[in-house]
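using only what follows, build the 3D model:
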Amino acid sequence: MESILIIPERTEVEYANEKYLYNLSTRVVRYGRRSAYYYNLVAGLRHTFGNNITINLLFYEGQNNQYKRSLVEIKLKLCDLFQRDQYFGKMFSQILRKHGKSCPFPPGLYEFLNTTLPSEKFPNILLFEKGKIELVFNQLPTQDLVAKISTIFTIKRS
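Have a look, this model is predicted:
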C-alpha cells in the first residue's frame with residue numbers, strides 16, 4: 001500500500017475560549033532549507049480535557065487557491081480519538097507518548113515543541129495533494145466552542 005507524508009505549512013489558532021484555555025498558540029517552523037517541518041503547540045488548560053471534549057477533524061481540498069470541504073471528517077471524543085482512530089489517532093498518540101503525555105489531560109500548561117508528524121506507513125486515504133484541516137474542539141454536554149485550529153498542509157506520496 002502506498003504511504004503518504006503530511007507536511008504542515010502554516011497553522012493558525014482561529015478561536016480560543018478563555019474559559020477553558022490560556023496561552024494557546026501553534027506554529028510551523030523550519031530550521032533550514034533541507035530541514036523537516038516542525039509543529040509547535042502550546043496550550044494551557046483550565047480544566048481536565050478528556051472525553052468531556054469532542055474533536056471534529058474537518059478536511060478541505062485545495063483547489064485553485066481555495067479550500068473546498070472534502071468528504072473526509074472525523075468526530076470523536078478526545079480520548080477516544082487517541083485510543084480508537086487507526087489513522088490520525090494513532091499518529092497523535094505517537095506524539096503524546098514521545099512527550100510523556102496521555103489522555104485525559106489534567107489542568108496545566110502543555111508544550112509540544114519541535115514535533116514532526118509521524119507518517120511512516122500512514123495509508124494513502126487523502127486523495128488530494130494540498131489541503132487544510134480544521135480541528136474544532138467542543139465541550140460536552142454544553143457544546144461550548146473551546147478552540148478552532150486550522151493547518152494548511154501538502155501531501156507527498158511514496
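
now the helices: where do they sit in the chain?
78-84, 88-98 (DSSP state H).

which strands or helices does the shortest one pack on?
Helices and strands touching helix 78-84, as assessed by 3 or more C-beta pairs under 8 Å, 6 or more residues apart in numbering; DSSP states H and E, comprise strand 53-63, helix 88-98. For every residue, glycine as well, the C-beta is placed using N, CA and C.

can you give me the mean pLDDT across that helix?
If you average the pLDDT over helix 78-84, you get 91.

tabulate the helices of the chain (TSV), appending distance to residue 13 and mean neighbour count.
Listed next are the helices of the chain as TSV, based on distance: least, C-beta to C-beta, whole Å; neighbours: other C-beta atoms under 10 Å:
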stretch	distance to residue 13	mean neighbour count
helix 78-84	17	18
helix 88-98	18	16
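
now distance to residue 14 too, for the ones you listed, in CSV please.
Formatted as CSV, these follow (distance: least, C-beta to C-beta, whole Å):
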stretch, distance to residue 14
helix 78-84, 18
helix 88-98, 19
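
please name the nearest non-neighbouring residue to the residue at minimal distance from the centre of the chain.
Centrality entry for the chain: nearest residue to the mean C-alpha point is residue 135, 6.1 Å, by C-alpha atoms, centre = their mean. Of all residues not flanking residue 135 in the chain, residue 149 sits nearest, at 4.7 Å (C-beta to C-beta, 6 or more residues apart in numbering).

residues in contact with residue 62?
By C-beta atoms under 8 Å, 6 or more residues apart in numbering, residue 62 lies in contact with 128, 129, 130, 131, 132, 152.

please indicate which of these are buried?
Among the contacts of residue 62, those classed as buried by 16 or more other C-beta atoms under 10 Å are 131, 132, 152.

packing partners of the lowest-mean-pLDDT helix or strand in the chain?
Every helix and strand in the chain was compared by mean pLDDT, DSSP states H and E; the lowest is helix 88-98, with a mean of 84. Packing partners of helix 88-98 (3+ C-beta pairs under 8 Å, 6+ apart): helix 78-84, strand 108-115.

with just CA atoms, put the shortest one into PDB.
What follows is helix 78-84, C-alpha atoms only, in PDB (Å, rounded to 0.1, in the frame of the first residue of the first chain):
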ATOM      1  CA  LEU A  78     -10.900  13.400  22.700                       C
ATOM      2  CA  CYS A  79      -9.500  10.300  24.500                       C
ATOM      3  CA  ASP A  80     -11.500   8.000  22.100                       C
ATOM      4  CA  LEU A  81      -9.600   9.600  19.200                       C
ATOM      5  CA  PHE A  82      -6.200   8.600  20.600                       C
ATOM      6  CA  GLN A  83      -7.400   5.100  21.500                       C
ATOM      7  CA  ARG A  84      -9.700   4.200  18.600                       C
END
